[in-house]
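Q: Predicted coordinates and the sequence they were generated for:
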Amino acid sequence: MKKILIAFASTIICASSAYAESASTAPQLNITTEAALNMANYAIGLAEKRHLKVCVAIEDTDGNLVAFIRMQGAYAGCVDASIAKATSAARFGRNTIEFFEAVRTQSLPIGFVPGILPAAGGAVFKQGDAIVGSIGTSGDTNEAEQALVIDTAKHFR
C-alpha cells in the first residue's frame, strides 16, 4: 500500500509540474507537413488548369518554408519571389496584396521595411480566426497570382 501511495504522489507531483510549465506558454497552431504538401499540389493543379507556370511556396505560421514546388517552365527568379511572398504573408498575418495596394494608392514606402514584399501573390491560411500558414506564388501576372493564392487559401481546411 505504501508503494502505491508513493507512486500516486509521484504522479500527482509530475502532473502538477507539467501543468505549471504549460501555464507559461501558449500553443500555436501550425500547418502540418501533410497539409502543406496537399495545398502546394492543389495550387499546382489550379495553375495547370489556368495554364500558368509558377513557383509555389507554403510556409508555417512563423514564415518557415514547409513545402515548395517549381513548375516546369517557371522562371528561376520566381523561386525566391514566391518564398518572399509567403514569408511576408505569414510574418505580418495578411495577404500581400494589401501591402501592394498601399504602396500603389498611397505611395507608402513600406517596401523598405524588412520582410514586407508589397506584391500580389501571397495569402494566409486560416483555421477559424487563427493564421496557421501561408502561400506565396510567382511567375505570372499580379491578377493571376493573386487569384491562385486566394483560391488555394479558400480550399484550406
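A: Cool, the structure landed.

Q: distance of residue 145 from residue 129?
A: Distance of residue 145 to residue 129, given as CB to CB, to the nearest Å: 25 Å. Every residue, glycine included, has its C-beta placed from N, CA and C.

Q: So which bits of the helix or strand residue 147 falls within are buried?
A: Using DSSP states H and E, residue 147 sits within helix 142-155. Within helix 142-155, the residues that count as buried by 16 or more other CB atoms under 10 Å are 144-150, 152-153.

Q: All the helices of this structure, in order from the start?
A: For the chain, the helices defined by DSSP state H occupy 2-22, 33-49, 77-92, 96-106, 142-155.

Q: want to try a markdown table for those helices, with distance to residue 125 and mean pLDDT as columns?
A: Below are the helices of the chain laid out as a markdown table (distance: least, CB to CB, whole Å; pLDDT from 0 to 100):
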| stretch | distance to residue 125 | mean pLDDT |
| --- | --- | --- |
| helix 2-22 | 26 | 45 |
| helix 33-49 | 7 | 97 |
| helix 77-92 | 9 | 95 |
| helix 96-106 | 14 | 86 |
| helix 142-155 | 6 | 96 |
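
Q: out of those helices, nearest to residue 64?
A: helix 77-92 (8.2 Å; CB to CB).

Q: Residue 26 versus the nearest residue to residue 139 once chain neighbours are set aside, what's the distance?
A: Counting by CB to CB, 6 or more residues apart in numbering, residue 139 lies nearest to residue 54, which is 3.5 Å off, once chain neighbours are set aside. Residue 54 is 35 Å from residue 26, where distance means CB to CB.
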